[in-house]
Every structure is written in structure tokens, then in C-alpha cells.
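sequence plus predicted model, see below.
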Amino acid sequence: MKVTARIFRFDPACDEVARFDTFSIDLVEGARVLHFLHAAHERDPTLSYRYCCGTGQCGSCAVRVNGIPTLACMEEARDDITIEPLNLPIKKDLTIDMEPVLAKLAGIVPQEVIKIPSRDEIEIIKPLRECIECFACVSVCPAMEVADFAGPTVMRQDMRLTLDPRDGKNRITEAIEEGLFTCTTCQYCWKVCPKNIEIPAKAIEKLRALANRQGLTLPRHREVEQLVKETGRSITKNKPTFLEQIPEIVEPYGEVRKTVGFFTGCMYDFRLPETALDAIDVLKRNGIRVIIPHEQVCCGSPLIRTGQLGFLDTVKQRNISAFTCRGIDTVMTMCAGCGSTLKNDYATPFKVVDITEVLTELGIESPARLSIRASYHDPCHALRGQGISDQPRALLRQVVDIIEMPQKCCGAGGGTRSGRPDVANALGVKRAEEIKKVGVDIVVSCCPFCEFHIGALADRPIKNITSVLLDGYKKKDQEMG
Amino acid sequence: MRIEDVVDCHVLVIGSGGAGIRAAIEAEKYGDTVLISKSIAGKGGCTPMAEGGYNAVLHAADSCTLHEEDTIRGGSYLNDPELVKILVQEAPKRFQDLLDWGSVFDVTEDNEPAQRSFGGQRFPRTCYAGDRSGHEIMMTLLEHLRCSDVGLFQEFTVIELLKDGEAVVGAVALDPCGKLCIFEADSTILATGGGARMYDISTNSATGTGDGFALGYQAGAELIDMEMVQFHPTGAVYPYDARGRLVTEAVRSEGGILLNNNDERFMIRYDPERMELSTRDIVARAIATEIDEGRGTKRKGVYLDVTHLPAKTIEERLPTMLEQFLKFGVDIRREPMEVAPTAHHIMGGLRITPHCQTTLQGLYACGEVTGGIHGANRLGGNALADTQVFGKRAGEAAGKSANRSICIDSNQVNIIDKRLDEFQRGKILPSVIMKKLQCAMWDGAGIFRTAVTLKQVKVTIDDLVSAPLYAASPTNFAECFSTHNMCIAASLVVRSALMRPESRGAHVRRDVVQTWETNNSPYGHTYISTKHEGIERRTVIK
């Protein structure tokens, strides 16, 4: 089996710029990337890479294969791949400097009187204990790029110690100093973790909840919770809302192909009602009957992400009963954040689907093609929170040409925009730079937080996918007179 | 000379596995302690890969006497009884240390440490954290180490022990760039682990190159029972490049059964009483025999099957196995694994006193680099216990040792410096030598041996040991030394194997007809040093 791969080469001691060396090597079937590197090392013994156990247990050999962090010893060596170091300071070639991150991991400070954890406590600690310190998570964390954030696995370790009755130190204040509130909960750390440790939900949000109990929630986050308690929405009203402009039942133009409940979320209701109205037009054209309970409230995501769980059950109950009392079995979201929350943080008696899932599954009336070049921005809570990336692209391709750009968190999520606007802004600016580089006419997305946040910083318009589809339909109508 | 740095300390620990870090934590109580690790600390060695568990007598129904008897019987009566007594008596205390320091082992419904049965045990005394018990211990030790003042030198490779007359007074190491560094110490602890990578098929990590055996031997220390190499019965056979990867004994402990290609549970013919949970030497030979006699799979393995177990048991108790095999396309909840023996552990090593003192002044040793504790075959679950019990003992003894004034022999350093020059002018890549050695060892000094095959291997090694190794750059010096060390350690295995004219435990001489059972063998330890070598005779008690 012949495998050709490009390997990143860089020696900071003597090279000004990095280069790629291409190796073509005959490998035995089933060989891993690590075995490719062994063979490449035999051809060029100056190639530097790190490995140890070869069985996915020590975390020495994490590299990027085609841009994605992975353990070289576990990843199958496929033809035509690019092998690069993790995005961390490089010692040489594929070997990164692990010691600065290792130095940040907390050790244990045992209590005077030792109390061994119970079986239940052990069951909660165990998943956080599986970390092999490969630092794949650290290498992809967007917050670490712009803020003084110690990183995902450092938070994991803080939470692991917090859960352990043997540790005698308050890890919450430590975690806050280490940047607990800068995490955007983009979930990238979890998705690249070879041990599948759910750091955002099992460490970051839990630490924030404990911070809340100690009265350490950020003031701006407390205001958000207050708003939800008082108004049912996480943001203030400053113009006529979507719900004020729409009846509870919207019938489609033609025959009814499907009926869905519509969970609007705070942003489309209060800030971007025009976008939600565009979506309604698209749904009407495609035979979808939409039921919109007007008593629905915030999904609770701003509370969960910031660790404020006191009022959460109330909002969950209100939302669930708003749909169940109308006998709705499918609830559609169009906000990536609400969708991810309803799918992952709720136990709903109904099915939850994103609008892009509804439209692709049902199939849509073809729009006219628009003569613009567009790029699609993957919202973290759609891509990683719900596994949605093909559906919006499939819809978008029917109306414009897509130019791909690298996926990157815009910084708006996880309560960062309200709690740490400096961090959110810095990430948004980086995203805007990326958009400028790709040089398209518009950017399309399916998350109101991303749309609102990037919209304020990018030099290109950012539009919701349904608005673009509607533009296509309008053009089609014009062309047909 | 290219000496970059001189570091001075009271205790120098070489190796960052379970034994090394435990030793450093203990030694630091007595004075400045430095730990040198060839890998990132805690990532090298076998401890983080150890899956099965830690043997400790914790129940009233169990006893230290029973653990002692199991260990000695499992070790074919070659174990040093005093060291075994220490192991079984102190294993529970050291386990409690780990619990006090934050270990997250599995517990029963009554919040007691959960224990399972491993091979050769008459009581289920193996404590575990799923099938990542070693990782759990390593994480605990690292959390403790981070709060200590132990000086850490990571990715430094020790290449020679420093001598002042007959005493060991520290070590010479290469830094990550290949520059020489001197570490002076009142006491030095070797905790470098094993060397099973000298075999073509092995469970060991990249660091299992037998450096400690070679370092100790070259400095003049005596080693015992180096012929005793444990072949773990169950190593993975696919993918080919990852062959030998450990399939933990916990799989059989949880109820896994072994089948040949006729679907026959063949252990009934080898050990009908203990079946799959017989000792490792017996199960490994059974599997090797099945394969040799044509009852193996196409990929030269046998089946290890857990499909009869509830999926939940597999997911909870064997998560690492499930995850690893899934990566390689096998769902062990639905299909059997394919396994074959793999070189795993070297029971022999530096001769130590109960205080981990080697035969050299100033040099202590603990963990797999030592000999005598496990005799001719190690029981599963005894190695992790060994690292903690003797790690602590070595750290304490070295810590309590007297300060000494040290005089470095500049000639010793000059000779090393010349060797570095030779490597740069060398001709053969270390990887080439390593592969030749591994194949020769597997073929001639593996599970089954004869004087003829052993002598052939010896000729090969003598040739390889003097090969002109080539270092393409100073960062490649460490590979050259590791390869050379592997050759030295392999020669110790082969020479010792030739000295033992009997089959005992893991050492099987097909060319020897013997009339005695292992419990009344006329032989004791083999011993080997730069000065002498031989085999101890002992009086047989009938």
C-alpha cells in the first residue's frame, strides 16, 4: 500500500520559514500515521516527532492530519495527507513544546483528614480522569488565541479536583483567574479529544455553576438572568418583536406538506425579526405549516453556559408545555444556540430539528441563482452542537456559488459576548479578517449570535441562509414576471 | 568537551514511570532531588500503559501468606523470598498512599476498593481503575509531583553512570539538543523500567529499550535472572505495525475465553483447573503451541472472545480495549479479538537488597529494572504494586544515605565525548540495528529456546554491538545510545539463558531434559556482571 504524505518541517534554530517535505512510502495494510513517520524518519533521521506508547494511552504523538488534531498512533495512514504539528509552539518539525501547558495543570493539595470519594463521586470524576494530556484541546481553543486563558484541559483538571473530597483548595477562584469566563463553549476541544472528554459541559459549565453558588458570576451575566426571570427573554426589547408581527398559526401557500412548531429564540424575536419573517416566507413557499406559541420564552442557554441554573427548570417547563399543549410533535429551531440547547440540554417529548434539516429533508422549490459569491460560516453550535454542516451548504448551493473558508469560532457564544466583550470582540475581529481574505460578496450563516456579532465587525454583509433563499425566490418571481 | 551544564543534587532518580516518580516523591523528603526522564515525565515507561491492576491484600478473607505463596508459586520458586514478603506486606500501605493522594480506583457498592481475580491468584486481590489502572496511578503520582520541589529534566537521556572509584556518583546525560550534561548526586536511583522492545513483538513503549540494565551492567553492577522474560499471552496481531500491543489480562479476568480455529477452548488441555486464568507463562506457551501446530488464525493468532458478556460489562470494565479495537475495525462486543504472545516484562534485573541497594555503592534501583521479586514469572497485578513498594523504599534509602564529596573522572567524560564524534562519523542507522536485533531475539531467545538458537543469537548480537552507529545530527545521539543499550541488555538475556540448563517459569529450554519439578530445582539465580557470571546452586529440600 503506497502512501504519500506531506510532512511539516521547521527548525526554529536555523529555518526562517517552514516547508513541507513529501514522502512516498510502502506501508503494510492497517498502518497508522505513526508508522508512516517511523518510515519517514528512517529516510531522513533529522525528522523530529514525539511518540511513546503507540497505543493511544500516553498522549505523546498528537499531530494534525489534514488540519485535524489526532493521535498519530491511532489514526490510519491514508494516501495524500498532510501531517503538521499541533498549533502550539514548535520545538522542531512535529515536536511541540508541552512543558508550558503541563506547568499550568494543578496538582492536588490533600486535606488534613482524608475522605475517600464515594462510588457516586467516583463515577462523576472518572470521565474527567481519562485525559492523557496530549493537548489536542489546547491546540484548537479559540479563546486561548486572544485571551489569557489557561485552556480546556486546565479547566478539566480544576473540575476534577473540585469534585474530589480529598483536595483541600478552592479551585473556583483559581479557575476564574485562569480565564474560566473567556471560554465561548465552541465545543472544539471536546470534538478533537481522543478520549472524548466533554470539557465544556462537564468542566467549564460546571465550574461556572459552582462559581455562581459562591457569588462569583459576572455582573453582566447576573443581569441576563434577571432579565430572563422578569421578561422571559435574555435581551431587552428595542423594537417591535417577531412574535408581535406574526399570528400563532401560519398556513403555507399551497398544500400542507409538513407541520412544525417554531421555537424562535430571543435573538430572532427581539433583534432580528426581519430575518425570522424571511424564514416564514421560505417555509410558506415550501408547504410548511408553522405553529408559533406566543408564550414561549428563552431556551435557557444563556443561563446554562454561564452556570446560572436556579431558574432553568422554570424556563424548560414553560417551553415544553407551550408546544406539548398544542400537540406538536416536531419543533423547529432556526437559532443554532437554541437548537443545540433543546437537543442536548433538554429532555423533550417532541423531536427538535433545525430549519436547515427541515428544508433539506423535505426538499425545496428551486430558487433562481444569484450572481454573487458567498462563503458559509459554520456556527459552533450548529456544526459541533448539532452536527449540521452539509444541510446549509446543500441549500445554499442551489442559489449561489460557495467559496469555503476555514471554520472558526466568531466569539459570540458561551456568554462571552456579554461577560467578556473584549474577548468576543478580539475573536470577531479575527473572524472578520478571515472573511476579508476569502474575498466573497456575502457571508451566510444560520445562527443569530454569529450573524449579529460578525455583522458588526466584518466589511461584508452577513445574511441568514433563509434570507438568501428568499432573495433567490424573489429573483425567480421577477424573472417570471 | 561539549558539557552544557552541571547539576548537583542529593538524590538523582533516572526514569519517570511509577517506580521513578514514587522514588522521587519519597527522596525529596530528605534533600534536593532531581528526576531525569527520557520522555515527557509520566508518558514513558510501562506504568501509563498498564491496564490490569494492582495486587494488594485488603480483605480479612485474604492473607499476606496467601499472596506470598501465589507469587512464589507463580514465579516457579525462583523469587527472593525476603523481597516477596516485603512486596505483599507493603503493597496495601502503598495502595493507601495512592488513595490518600487522590487516586480514583473503582469501588464496590459499599465504597470499598473493588478487586478482581488475575491469573495464578487464589483470591481476587487485583484493585483496578477500569482497564486504565496504570494511567490512574501515573496521574495520581504526577498530581503529587507537581506540588513537590523535585527538579524535573524532561526528554533528557542518561547515557552513562558517573563513577568515583567503585561508587556511583551521578550520571552523564544528553539534553534534548544532544548536548552533554553532568548530574552529580550523593545517591542515584535507577528506575528505568524494562527492555522488552529488544523483541520483534512487544507490548513496551518506545522507552522500553533496556537502558537501565545496560547502564548498571557497564558501571559494574550485578544482574540476576536476566533470562526470565515474560511473554504476555495476549498481544494484538492486527494491524501488523501495531502487533504486540497489550490486550490486558483483565479481559480474561472478566470472563474472556480463548478459542483456536476449531472453536475449541484449548486451555482445557494445558491447565484444566485454572483454564484462561492460569499463569502467564503457561497461557503464553499454550497459545504459541496452538499456533505452531496449525490451529491458529490466518494472522497467526488465536481468538479471545468476550461476546458472551453483557455489552455494559465490556463498556465499563474494558473501555480502553473496546476503544482500541474499534479504532482497528473490531467491535469486541460482537466479534472475538485475535491475539498471540508478546514480549512484556523482564523479571530479571539488578540485584538489590531489601533497601533497594544494588551491588554498587551509591546506586539504588527499583521497578522493572531490578531482579528477584518476581522469580521466573510475574503474576499480573504484581508489577504496579512492585513500583510503589520498592519505589518508596529506594527513595527512602537513597534519601537517608550520607552526603559525599564527589570527584568526577574527567577521563570518563572525555571518552563519552569521543563516542559522540564516532556516532557522527558512523555508517549504520540505529533503526537498522534495532530491527536486526529484534528479529534475532524473537527467533532465537523467545518463548522456546535451545542452546543452539541462543548461541546463534549471541553471535548476531556480538556483531551488532560493535556496529558503527550513525547519528545524522546531535539530536540522534540518544537513539544511538538506546540502540546500543538494547544490544547490551539482549546479550545479558542470551548469556543468562545459556547459563540456565533447565526449563523454569518463562524460560523454556527445549534442549534440556530435566527430572525435577520447579519447586525442587537444584538451581538458584543466574548472575552476571562485568567481573563474573554463573548460576547459583542450592540445596534441595525434599
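Cool, the structure landed. Residues are numbered from 1 along each chain as shown, chains lettered A, B, ... in the order given.

only C-alpha atoms, please: export stretch B:170-189 in PDB.
Provided in PDB are the C-alpha atoms of stretch B:170-189 (Å, rounded to 0.1, in the frame of the first residue of the first chain):
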ATOM      1  CA  GLY B 170      25.500  10.600  39.400                       C
ATOM      2  CA  ALA B 171      25.100  10.300  35.600                       C
ATOM      3  CA  VAL B 172      26.000  11.800  32.300                       C
ATOM      4  CA  ALA B 173      23.000  12.700  30.100                       C
ATOM      5  CA  LEU B 174      22.200  14.200  26.800                       C
ATOM      6  CA  ASP B 175      19.800  17.200  26.800                       C
ATOM      7  CA  PRO B 176      17.100  17.400  24.100                       C
ATOM      8  CA  CYS B 177      19.500  19.000  21.700                       C
ATOM      9  CA  GLY B 178      22.100  16.300  22.200                       C
ATOM     10  CA  LYS B 179      24.500  18.300  24.400                       C
ATOM     11  CA  LEU B 180      26.200  16.600  27.400                       C
ATOM     12  CA  CYS B 181      25.100  17.400  30.900                       C
ATOM     13  CA  ILE B 182      26.500  16.200  34.200                       C
ATOM     14  CA  PHE B 183      24.400  15.300  37.200                       C
ATOM     15  CA  GLU B 184      26.300  14.800  40.400                       C
ATOM     16  CA  ALA B 185      24.500  13.100  43.300                       C
ATOM     17  CA  ASP B 186      25.100  11.500  46.600                       C
ATOM     18  CA  SER B 187      22.800   8.700  45.600                       C
ATOM     19  CA  THR B 188      21.500   7.600  42.300                       C
ATOM     20  CA  ILE B 189      18.300   5.600  41.700                       C
END
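
list the buried residues of that stretch.
B:170-176, B:178-189 (16 or more other Cβ atoms under 10 Å in any protein chain shown). Heads up, the C-betas are built off the backbone N, CA and C, glycines and all.

can you check stretch B:206-221 too?
Those would be B:206-217, B:219-221, for stretch B:206-221 by 16+ other Cβ under 10 Å.

let me know whether that stretch sits next to chain A.
Yes: using Cβ under 8 Å from any Cβ of the partner chain, we find that stretch B:206-221 touches chain A at B:A206, B:T207.

how far does that stretch sit from the chain's center?
Here stretch B:206-221 shows a centroid-to-chain-centroid distance of 12 Å under the convention Cα atoms, centre = their mean, to the nearest Å.

same question for stretch A:86-105.
Distance, centroid of stretch A:86-105 to centroid of chain: 24 Å (Cα atoms, centre = their mean).

endpoints of it, how far apart?
With Cα to Cα, to the nearest Å applied, stretch A:86-105 spans 19 Å between its terminal residues.

which residues are contacting stretch B:259-272?
Residues outside stretch B:259-272 that contact it (Cβ atoms under 8 Å, 6 or more residues apart in numbering or on different chains) are B:257-258, B:275-276, B:278, B:282-283, B:285-286, B:289-290, B:295-297, B:302-305, B:336.

whoops, I mixed them up, stretch A:19-36
The contact list for stretch A:19-36, computed with Cβ under 8 Å, 6+ apart, reads A:1-10, A:39-40, A:43-44, A:47, A:51, A:54, A:61, A:63, A:65, A:70, A:72-77, A:81-83, B:238-242, B:328.

so for chain B, the centremost residue is which one?
B:G194 (3.5 Å; Cα atoms, centre = their mean).

okay, now B:P522: neighbour count?
Neighbourhood size, B:P522 [other Cβ atoms under 10 Å in any protein chain shown]: 14.

same question, A:G455
For A:G455, using other Cβ under 10 Å, the count is 18.

can you list the domains in chain B?
B:3-228+B:345-400, B:230-341, B:414-537 (automatic domain parsing).

span of the shortest one from start to end?
End-to-end span of domain B:230-341 (Cα to Cα): 10 Å.

can you check stretch A:326-343 too?
End-to-end distance for stretch A:326-343, by Cα to Cα: 20 Å.

buried residues, that stretch. List them.
Neighbour-count burial for stretch A:326-343 [16+ other Cβ under 10 Å]: A:328, A:331-343.

from those residues, pick the one nearest B:Q357.
Checking the buried residues of stretch A:326-343 against B:Q357 by Cβ to Cβ gives A:S340 as the nearest, at 61.2 Å.

SS state for the closest one?
helix (DSSP: H, G, I helix; E, B strand; the rest coil).

tell me which residues touch it, please.
A:S340 touches A:S301, A:H381, A:A382, A:G385, A:Q386, counting by Cβ under 8 Å, 6+ apart.

of the buried residues of stretch A:326-343, closest to chain B?
A:K343 (23.4 Å; Cβ to the nearest Cβ).

which stretches of the stretch 151-300 of chain B form helices?
Here the stretch 151-300 of chain B has its helices, by DSSP state H, counting those that start in this stretch, at B:211-219, B:250-253, B:280-292.

a markdown table for those helices, including distance to A:G287?
Putting these into a markdown table (distance: least, Cβ to Cβ, whole Å) gives the following:
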| stretch | distance to A:G287 |
| --- | --- |
| helix B:211-219 | 73 |
| helix B:250-253 | 55 |
| helix B:280-292 | 64 |
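
next, format those helices as a markdown table and append distance to A:V33 and mean pLDDT.
A markdown table is the format used below for the helices of the stretch 151-300 of chain B (distance: least, Cβ to Cβ, whole Å; pLDDT from 0 to 100):
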| stretch | distance to A:V33 | mean pLDDT |
| --- | --- | --- |
| helix B:211-219 | 27 | 98 |
| helix B:250-253 | 27 | 93 |
| helix B:280-292 | 30 | 95 |
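
hmm, back to that, can you flag which of the contacts of A:S340 belong to strands?
Using DSSP state E, no member of the contacts of A:S340 falls within strands.

now, those residues that are in helices?
If you go by DSSP state H, those have A:S301, A:H381, A:A382, A:G385, A:Q386 in helices.

and the third one, how far from chain B?
Distance, A:A382 to chain B, by Cβ to the nearest Cβ, to the nearest Å: 27 Å.

just the first one next, same as before
Computed with Cβ to the nearest Cβ, the distance linking A:S301 and chain B is 30 Å.

what sits against that residue?
Shown in contact with A:S301 (Cβ under 8 Å, 6+ apart): A:G337, A:C338, A:S340, A:T341, A:D345.

what of B:K163?
With contact taken as Cβ under 8 Å, 6+ apart, B:K163 is in contact with B:V169, B:A219, B:G220, B:D409, B:Q412.

same check on B:C407?
Contacts of B:C407 (Cβ under 8 Å, 6+ apart): B:D164.

that one falls within a strand, correct?
No: counting by three-state DSSP, B:C407 is not found in a strand; it is coil.

can you check the pLDDT for it?
We have a pLDDT of 84 for B:C407.

what distance do you get for it to chain A?
Taken as Cβ to the nearest Cβ, the span from B:C407 to chain A is 33 Å.

tell me which element B:D70 is part of?
Element membership of B:D70 [criterion: DSSP states H and E] is helix B:64-74.

toward the C-terminus, what is the element adjacent to that helix?
In N-to-C order, the element after helix B:64-74 by DSSP H and E is helix B:81-100.

for the helix or strand just after that following helix, packing partners?
Using DSSP H and E, the helix or strand that directly follows helix B:81-100 along the chain is strand B:115-116. Secondary-structure packing of strand B:115-116 (3 or more Cβ pairs under 8 Å, 6 or more residues apart in numbering or on different chains; DSSP states H and E): strand B:126-127.

can you dump the C-alpha coordinates of the next helix or strand after the strand it packs on into CSV?
Counting by DSSP H and E, the next helix or strand C-terminal to strand B:126-127 is helix B:133-146. What follows is helix B:133-146, C-alpha atoms only, in CSV (Å, rounded to 0.1, in the frame of the first residue of the first chain):
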residue,chain,number,x,y,z
SER,B,133,-5.2,1.3,36.2
GLY,B,134,-1.6,2.3,35.4
HIS,B,135,-2.8,5.6,33.9
GLU,B,136,-4.7,6.2,37.1
ILE,B,137,-1.6,5.6,39.2
MET,B,138,0.5,7.8,36.9
MET,B,139,-1.9,10.7,37.1
THR,B,140,-2.0,10.4,40.9
LEU,B,141,1.8,10.5,41.1
LEU,B,142,2.0,13.4,38.7
GLU,B,143,-0.5,15.4,40.6
HIS,B,144,1.6,14.8,43.7
LEU,B,145,4.9,15.5,41.9
ARG,B,146,3.6,18.9,40.7
